[in-house]
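In: Predicted model follows, preceded by the sequence.
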Amino acid sequence: MNKREQQRQIREQKQQAAQRKEAMKKNMTRAALVIFLPLLAIAILWGMMSQGETYPPDQVAESDHVLGNPDADVTLMVYADFQCPACATEHRIMSQAWPRIANQAKLVYRHYPLTSTHRFAWTAALYAEAAGQQGKFWEMYDQLFLNQSYWSTLNDVRSEFDGYLEQIGVDVEQAHADMESDAVIQKVRNDQRGGTQAGVRGTPALFVNGRPTQVPQNPVDMISLVNNAAP
């Protein structure tokens, strides 16, 4: 065998080796897909099944927090973020108007934490929900909004929030455990998912009997809004 034939044979052997290597890679890829795709489908299906039910703004769910007359014809559904300054303003206006409208309306709060701009919004929502597990949601709701301008400036809010829980008579250790529960986490997530589905893009978002409505800028207008919405 001369030198040229030897070189040709070496080239052929290299080409065959490369072809075998490529074929092996394709077979491994196919095998990986056979294993991976069913697992991916299962993971997606599990994720979909693990998400709780969402509710539109015209439907009050058993999991909702309701203040006021449960039989009232006027439903004020608010999607809000505890660290949102405009939501704190809405809370102040609602609180001032509430003595005049409490018998005519029911107020429903749903979470819509804007975590991309408010770093403590998610934590605040969990604390409020944990307080709600012990029947103290609205008390924590007031504490968070009334003190928002202070705790929003802190580097860590947990000890401050723990203090609020103690003030309103909540078992802090139990609240911490509840904040890690699926029930509390899913409640916040599902509120936000439902709000997004309803067209909420910012906070506060107010729905009156299921209809999106501009948030009144003073207590007098809030009272008028409720009076006009009543049948």
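Out: Done, it's in. Residues are numbered from 1 along each chain as shown.
In: how about the helices of this protein, start to end?
Out: Ranges of helices within the chain are 3-50, 85-101, 121-133, 137-146, 148-151, 158-167, 172-179, 182-197, 219-229, based on DSSP state H.
In: Pull the distance from the shortest one to the chain's centre.
Out: Its chain's C-alpha centre lies 21 Å from the corresponding centre of helix 148-151 when counted by C-alpha atoms, centre = their mean, to the nearest Å.
In: Would you mind listing the outside residues contacting that helix?
Out: 82, 83, 85, 88, 120, 144, 157, 160, 161 (C-beta atoms under 8 Å, 6 or more residues apart in numbering). Yep, even glycine has a C-beta here, placed from its N, CA and C like the rest.
In: Show me the shaky parts of the protein.
Out: 1-11, 14, 18, 29, 31-51 (pLDDT under 70).
In: domains of it?
Out: Following the assignment in automatic domain parsing, the chain carries domains at 1-50, 65-229.
In: who wins for proximity to residue 57 among the ones you listed?
Out: Nearest to residue 57 among the domains of the chain is domain 65-229 (3.7 Å), distances taken as C-beta to C-beta.
In: what distance separates that closest one from the middle of the whole chain?
Out: 12 Å.
In: For that domain, measure first residue to last.
Out: Using C-alpha to C-alpha, to the nearest Å, the end-to-end distance of domain 65-229 comes out at 21 Å.
In: Same question for stretch 70-84.
Out: 27 Å.
In: gap between the residue nearest the centre of the chain and residue 80?
Out: Residue closest to the average C-alpha location in the chain (C-alpha atoms, centre = their mean): residue 189, at 3.1 Å. Between residue 189 and residue 80 the computed distance is 16 Å (C-beta to C-beta, to the nearest Å).
In: can the domains of the chain go into a markdown table with extra columns for distance to residue 56?
Out: Output for these, formatted as a markdown table (distance: least, C-beta to C-beta, whole Å):
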| stretch | distance to residue 56 |
| --- | --- |
| domain 1-50 | 19 |
| domain 65-229 | 6 |
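In: Name the stretch among those domains that sits most buried.
Out: Across the domains of the chain, averaging neighbours per residue (mean count of other C-beta atoms under 10 Å) puts domain 65-229 on top, at a mean of 18.
In: Now for the residue nearest to residue 84 when sequence neighbours are not counted: which residues touch it?
Out: Distances taken as C-beta to C-beta, 6 or more residues apart in numbering place residue 203 nearest to residue 84, at 4.7 Å, with adjacent residues excluded. By C-beta under 8 Å, 6+ apart, residue 203 lies in contact with 79, 80, 81, 84, 86, 87, 112, 114.
In: of those, closest to residue 214?
Out: residue 86 (12.1 Å).
In: OK, contacts around the closest one?
Out: 203, 204, 215.
In: The first one and residue 70: what is the separation?
Out: Going back to what we said before, that points to residue 203. From residue 203 to residue 70 the distance is 25 Å (C-beta to C-beta).
In: Kindly report the same for the second one.
Out: In this structure, residue 204 and residue 70 are 22 Å apart, going by C-beta to C-beta.
In: now swap in residue 105 and tell me
Out: Applying C-beta to C-beta to residue 105 and residue 70 gives a distance of 11 Å.
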